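**Q** quick check, what structure comes out for this input:
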Amino acid sequence: MNLRRSLPKIVSREEWLDARKALLVKEKDATRLRDAVNAERRRLPMVKISKDYVFAGPNGALRLVDMFEGRSQLYIHHFMWVDGTDSGCPGCTQAADLSFNGIHLAHLQERDITFACISRAPFQKVEAYRQHRGWSFPWYSSFGNDFNYDFHVTLDESRVPIEYNYRNKQELKAMGFTDEMLTGDWPANSVFLRDGDQIYHAYSAFARGLDQLFTPFNFLDLTPYGRQQDWEDSPDGWPQQPTYG
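**A** Numbers count the residues shown, from 1 in each chain. Below you'll find the model as predicted:
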């Protein structure tokens, strides 16, 4: 049975144009604010990476500097691994299908940026999953080292104190997170800059800080029903469904 969905208010073209122009003012303000935030991000100080992380890749052991492939900047997507299914996270998988794989990498490389994914699963599992999905981007394993824990993308209190999105465990629990929730892999990216063989950590974002990287969101945000997720501020009757994770 087809249920009739609620609709936005229907008005004349003149009324619509007035409302659209009012929204355009706010859109331009948001664009200018985003430009200002991006400018501030480019001025963010860096932290020297002193730990010698050893990863696994298709050609054996490698270090963080090797992932740059000779370029000066390295963008890492922390690809979440789901222990329950022993496979890649569905959300990361969808992002890889729609955003990571293919021609996007060439555009980054033109700007001296290398893209790669890192997961804590053993490399054999990571590589099997990559081949199964038909992906071509680099994907490495941090199995056996501290990388995921040091960058707070895998939460395990036996390894490091709980921290996510720059909030400690007490702050997270005050926000409603439970002990059972604060475990395993969580969404994040990290950006590194290389000066010779010295590497610096320039930036990391978590949770909805990754929104713009998932291409479909940029389309959905321009439609009447939006992303159709339960956290959105939408009128009554708009289609919504539980947010993954």
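
**Q** ok, now which ones touch the most centrally placed residue in the chain?
**A** The residue lying closest to the centre of the chain (Cα atoms, centre = their mean) is Leu210, at 3.7 Å. By Cβ atoms under 8 Å, 6 or more residues apart in numbering, Leu210 lies in contact with Pro187, Ala188, Asn189. Every residue, glycine included, has its C-beta placed from N, CA and C.

**Q** hmm, 10 Å instead?
**A** His77, His78, Gly91, Cys92, Ala95, Pro187, Ala188, Asn189, Phe217 (Cβ atoms under 10 Å, 6 or more residues apart in numbering).

**Q** could you do Lys51 as well?
**A** Lys51 neighbours (Cβ under 10 Å, 6+ apart): Leu64, Asn145, Asp146, Phe147, Asp150.

**Q** what do you get if the cut-off is 7 Å, keeping everything else the same?
**A** Asp146, Asp150 (Cβ atoms under 7 Å, 6 or more residues apart in numbering).

**Q** give me phi/psi at it?
**A** phi -80, psi 140 (degrees, to the nearest 10).

**Q** separation between it and Leu62?
**A** 15 Å (Cβ to Cβ, to the nearest Å).

**Q** go on, Arg5?
**A** Note on Arg5: its distance to Leu62, by Cβ to Cβ, is 51 Å.

**Q** and the strands in this protein?
**A** 47-48, 54-57, 60-63, 73-78, 81-82, 87-88, 113-119, 139-141, 154-155, 163-164, 167-168, 184-185, 188-195, 198-206 (DSSP state E).

**Q** possible to save these as TSV with mean pLDDT, distance to Thr31 and mean neighbour count?
**A** Shown next, in TSV, are the strands of the chain (pLDDT from 0 to 100; distance: least, Cβ to Cβ, whole Å; neighbours: other Cβ atoms under 10 Å):
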stretch	mean pLDDT	distance to Thr31	mean neighbour count
strand 47-48	98	30	10
strand 54-57	98	38	18
strand 60-63	98	39	11
strand 73-78	97	23	21
strand 81-82	97	36	20
strand 87-88	96	34	20
strand 113-119	96	23	22
strand 139-141	98	34	23
strand 154-155	98	35	22
strand 163-164	98	29	18
strand 167-168	97	28	14
strand 184-185	98	33	19
strand 188-195	96	22	18
strand 198-206	97	19	17
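
**Q** could I get the ones you listed as TSV with distance to Leu105?
**A** Below are the strands of the chain laid out as TSV (distance: least, Cβ to Cβ, whole Å):
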stretch	distance to Leu105
strand 47-48	26
strand 54-57	16
strand 60-63	18
strand 73-78	10
strand 81-82	22
strand 87-88	18
strand 113-119	5
strand 139-141	12
strand 154-155	25
strand 163-164	28
strand 167-168	32
strand 184-185	23
strand 188-195	15
strand 198-206	19
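
**Q** how far out from the middle of the chain is whichever helix in the chain runs longest?
**A** In terms of residue count, the longest helix belonging to the chain (DSSP state H) is helix 13-42. Relative to its chain's centre, helix 13-42 lies at 24 Å (Cα atoms, centre = their mean, to the nearest Å).

**Q** from Ser119, how far off is the residue lying closest to Pro58 once chain neighbours are set aside?
**A** With sequence-adjacent residues excluded and distances taken as Cβ to Cβ, 6 or more residues apart in numbering, Pro58 is closest to Glu127, at 6.7 Å. In this view, Glu127 and Ser119 are 10 Å apart by Cβ to Cβ.

**Q** now do Leu64
**A** From Leu64 to Ser119 the distance is 15 Å (Cβ to Cβ).

**Q** likewise Phe79?
**A** Counting by Cβ to Cβ, the gap from Phe79 to Ser119 is 5 Å.

**Q** sounds good, over and out.
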